[in-house]
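Asker: Next one to model:
(one chain, ligands or ions: 1)
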Amino acid sequence: MSLLEKIRETQAFLEEKGMIKPEFGLILGSGLGELADEIENSIILDYADIPNWGQSHVVGHAGKLVYGDLAGRKVLALQGRFHFYEGNSLELVTFPVRVMKALGCEGVLVTNAAGGINFGPGTLMAISDHINMTGHNPLFGPNLDDFGPRFPDMSDAYTKAWREIAHRVAEEQGLKLDEGVYCGYAGPNYETPAEIRAFKGMGADAVGMSTVPEVIVAVHSGLKVLGISAITNKAAGFQAELNHEEVVEVTQQIKGNFKGLVKAILAEL
Ligand code: HPA
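Answerer: Next up, the predicted model:
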């Protein structure tokens with residue numbers, strides 16, 4: 001089956017389950033998936049039951065697709081994303097974004113846990129731009145002309161107008177929202193200190209193992225994007241050692257602010 005046929009099949013399946021015309025797709029990163037538990041009038045599907053869909057294996061990623069109302073908007077939330085480092089193809093990693101577009105979403109809110117290069121743990125960072133250091137691209141191969149052009153323009157990948165709304169809402173909520181460039185690294189090892197020094201020199205403010213493929217596909221298909229990183233640790237070389245337990249722990253501490261902020265932003269988009 002071609003990619004386009006798979007997208008159409010999954011779209012039809014989800015519509016048949018009642019997931020009709022979501023306005024926004026939410027891609028919830030490590031430990032941030034709890035936001036989907038607050039969705040009202042929800043329809044919930046296990047990833048395993050959705051045709052052409054991947055599986056989620058990482059601790060802190062639930063593996064459920066949740067549709068319903070959040071902050072007065074119709075959303076479709078990925079509670080757990082697919083990572084390239086799990087061995088998934090980038091087609092599979094970005095497949096949900098294609099389906100979000102097919103279902104009628106206007107844009108996607110993409111979140112992740114990230115290591116801070118110029119920011120410390122606990123920071124919420126609106127992503128202003130990214131650097132693709134994964135060495136791969138989800139648009140390799142025949143172009144899906146039904147979705148977008150062969151050579152998409154990434155000049156405003158992280159929709160400026162949405163970032164401005166995010167900053168205004170954060171200020172109204174009394175929450176600090178920083179802004180910076182996200183560097184996407186394939187993982188699964190954390191970066192070396194030398195890589196972090198290189199990324200810092202290139203202009204990166206934070207680094208993580210997701211988001212870049214999904215955003216490239218979102219931009220290709222004309223979806224607006226808001227990206228928010230929860231900084232869970234200082235990047236390699238700026239603190240003694242890195243581990244996933246710390247990432248999960250700090251995410252637990254930030255998630256209250258994070259959930260409040262995302263809901264407030266959603267209401268205003
Ligand atoms: N590097 C890459 N990914 C991450 C990090 C990091 O330091 N922290 C959380 N996700």
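
Asker: rest of the way, CA atoms for contacts and neighbours
Answerer: Noted.

Asker: Next to the ligand, which bits of this protein? Give me the list.
Answerer: 113-115, 190, 207-209, 232-233, 235, 247 (CA under 6 Å from any ligand atom).

Asker: and which of these is nearest Ser89?
Answerer: Met209 (14.2 Å; CA to CA).

Asker: Relative to Val93, how far out is that closest one?
Answerer: Counting by CA to CA, to the nearest Å, the separation of Met209 from Val93 is 12 Å.

Asker: among the residues of the chain next to the ligand, which are in strands?
Answerer: 113-115, 207-208, 232-233 (DSSP state E).

Asker: got those residues as TSV, with neighbour count and pLDDT columns?
Answerer: Shown next, in TSV, are these (neighbours: other CA atoms under 10 Å; pLDDT from 0 to 100):
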residue	neighbour count	pLDDT
Ala113	26	92
Ala114	31	95
Gly115	30	96
Val207	30	98
Gly208	23	97
Thr232	27	93
Asn233	27	94
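
Asker: Between the residues you listed, which sits nearest Glu38?
Answerer: Ala113 (19.9 Å).

Asker: Ignoring the adjacent residues along the chain, who's closest to that closest one?
Answerer: Ala230 (4.8 Å; CA to CA, 6 or more residues apart in numbering).

Asker: partners of the helix or strand containing that neighbour in the sheet?
Answerer: Under the criterion of DSSP states H and E, Ala230 resides in strand 224-234. Strand 224-234 has its sheet partners listed here by DSSP bridges as strand 107-116 (parallel), strand 124-132 (antiparallel).

Asker: Can you tell me which of the ones you listed is nearest to Ser221?
Answerer: The nearest among those, by CA to CA, is strand 107-116 at 9.9 Å.

Asker: which residues does the residue nearest to Ala113 bridge with?
Answerer: Beta-bridge partners for Ala230, by DSSP bridges, are Ala113, Leu124.

Asker: Is it correct that it is in contact with Phe119?
Answerer: No: Ala230 is beyond contact range of Phe119, at 10.2 Å (criterion: CA atoms under 8 Å).

Asker: which of those two has more neighbours?
Answerer: Ranked by neighbour count (other CA atoms under 10 Å), Ala230 and Phe119 place Ala230 first, with 28 against 20.

Asker: Mutual contacts of Met209 and Val93, please.
Answerer: His83 (CA atoms under 8 Å, 6 or more residues apart in numbering).
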